[in-house]
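Undergrad: from the sequence below, what's the structure:
(one chain, ligands or ions: 1)
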Amino acid sequence: MNKFLPFSRPSIDEVTIAAVAETLRSGWITSGPKVQEFERQLSEYFGGRPVRTFNSGTCTMEIALRIAGLGHGDEVITTPISWVATANVILEVGAIPVFADVDPVTRNIDLDKVEAAITPCTKAIIPVYLAGKPVDMDRLYKIAARHKLRVVEDAAQAIGATWQGKPIGSFGDFVSFSFQANKNITTSEGGCLVLNNAEEAALAEKYRLQGVTRSGYDGIEVDVLGGKFNMTDIAATIGLGQFAQLNVITAQRRKLARHYFATLGKDFEAQTGAQLPPTDFENTNWHLFQVVLPERITRADFMARMKDKNIGIGYHYAPIHLFKLYRALGFKEGMFPIAERVGRQIVSLPMFAAMCESDVERTCAAMCEVLKN
Ligand SMILES: *Cc1c(COP(=O)(O)O)cnc(C)c1O
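TA: Down below sits the predicted model:
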């Protein structure tokens, strides 16, 4: 029997492991020189835009909403097909989540439906780049400009993804990334926010550390309510090692995605009724390789039968509006039918940089067997 193939696994190289040991011995393990260096390198990658790091991608988005001044009564439009964090941060700042249904092909928020959902109370849009596939960025920012809306890009899955040759994060408004363990590059837990100017960056620093500003040797002042969201130097050391591998990791994922398509062949969809992801090799970083199963098989059944074949299958995501917390706000079944269908049948096949082509072939063979009987 083949070894268990998980759907995701981080690849931390020995150089990074040695660097972490060195940080641990250095006497400085919380936010310090490694965080500064990580932020400097990220900023360089994002075309010189200011970047600040945090201890999660979730708080990164929450802080962006706070910097944008969002709060009570403000509506924020987002997608129901995301990790629940995307909508939770809207509630966290006291604003109102407004969902727009997804596009059945890209599984990302449908920008026509975003436009239709805009009201005089709309203040921001949080698009999500599911599986690291950007939305139509030109159209997104045209809509935002026309209606004077802020954008907080939930690019948690999109490091290394591009739009017309430019890295996601190197343009736009607020862009939030996650470095959680399963993401393309990781700090174990962590995130970063790309901002527009020094003023926003100063606010981000305040929000991440109790609202404190320091001056001179002993000057300390607190004028906003901040929290405790700073990244440690241990995490930043992992991040520096991972960031050095970003291009290699992205290239490997693109290669594996191409191999999935080649192995499944052009008749796979017609033969099984399953839907493959869009073949956007140029922009997508292939954070996930997601298939929407045909209705005749339940996802639970598919996952169990793949597990019997020693293959781990992920699930991203249950529609947010159908969670109890959101139902209590008035959301219910039937409101976002495409998201509900995709959310019921979507699965994530194994996809991580350390995988090899034979793992892809094994996964495809197992999936075809499960779908054909
Ligand atoms: C991972 C993820 C988040 C949350 O990031 P954390 O670092 O786990 O807080 C938010 N949105 C999406 C789409 C994600 O994939």
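
Undergrad: report the contact partners of residue 49.
TA: Residues counted as contacts of residue 49 (C-beta atoms under 8 Å, 6 or more residues apart in numbering) are 43, 169, 170, 194, 195, 196. All C-beta spots, glycine's among them, are computed from the backbone N, C-alpha and C.

Undergrad: mind running it again at 7 Å?
TA: By C-beta atoms under 7 Å, 6 or more residues apart in numbering, the residues touching residue 49 are 43, 170, 194, 195.

Undergrad: just those: which are in helices?
TA: Within those, residues falling in helices by DSSP state H are residue 43.

Undergrad: output the contacts of residue 49 as TSV; include the columns pLDDT, distance to the ligand and neighbour count.
TA: Rendered in TSV, the data for the contacts of residue 49 read as follows (pLDDT from 0 to 100; distance: C-beta to the nearest ligand atom, whole Å; neighbours: other C-beta atoms under 10 Å):
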residue	pLDDT	distance to the ligand	neighbour count
43	98	19	19
170	98	19	16
194	98	15	30
195	98	18	24
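
Undergrad: what's the closest of the contacts of residue 49 to residue 94?
TA: Closest approach between the contacts of residue 49 and residue 94, by C-beta to C-beta: residue 195, at 21.6 Å.

Undergrad: surely the closest one touches residue 203?
TA: No: with contact defined as C-beta atoms under 7 Å, residue 195 does not count as touching residue 203 (8.5 Å).

Undergrad: tell me the pLDDT of the nearest residue to residue 223 once chain neighbours are set aside.
TA: Distances taken as C-beta to C-beta, 6 or more residues apart in numbering put residue 211 closest to residue 223, at 6.4 Å, once the chain neighbours are dropped. Note on residue 211: pLDDT of 97.

Undergrad: ok, now which ones touch the nearest residue to residue 180 once chain neighbours are set aside?
TA: Spatial nearest neighbour of residue 180, chain neighbours left out: residue 189 (5.8 Å); criterion: C-beta to C-beta, 6+ apart. For residue 189, the contact set (C-beta under 7 Å, 6+ apart) comprises 55, 56, 180, 235.

Undergrad: from those residues, which are also near the ligand?
TA: Contacts with the ligand within the contacts of residue 189, counted by C-beta under 6 Å from any ligand atom: 56, 180.

Undergrad: nearest to residue 82, of the contacts of residue 189?
TA: Checking the contacts of residue 189 against residue 82 by C-beta to C-beta gives residue 180 as the nearest, at 13.6 Å.

Undergrad: tell me the pLDDT of that closest one.
TA: Note for residue 180: predicted pLDDT of 98.

Undergrad: ok, the one 3 residues further on next?
TA: Predicted confidence (pLDDT) at residue 183: the value is 98.
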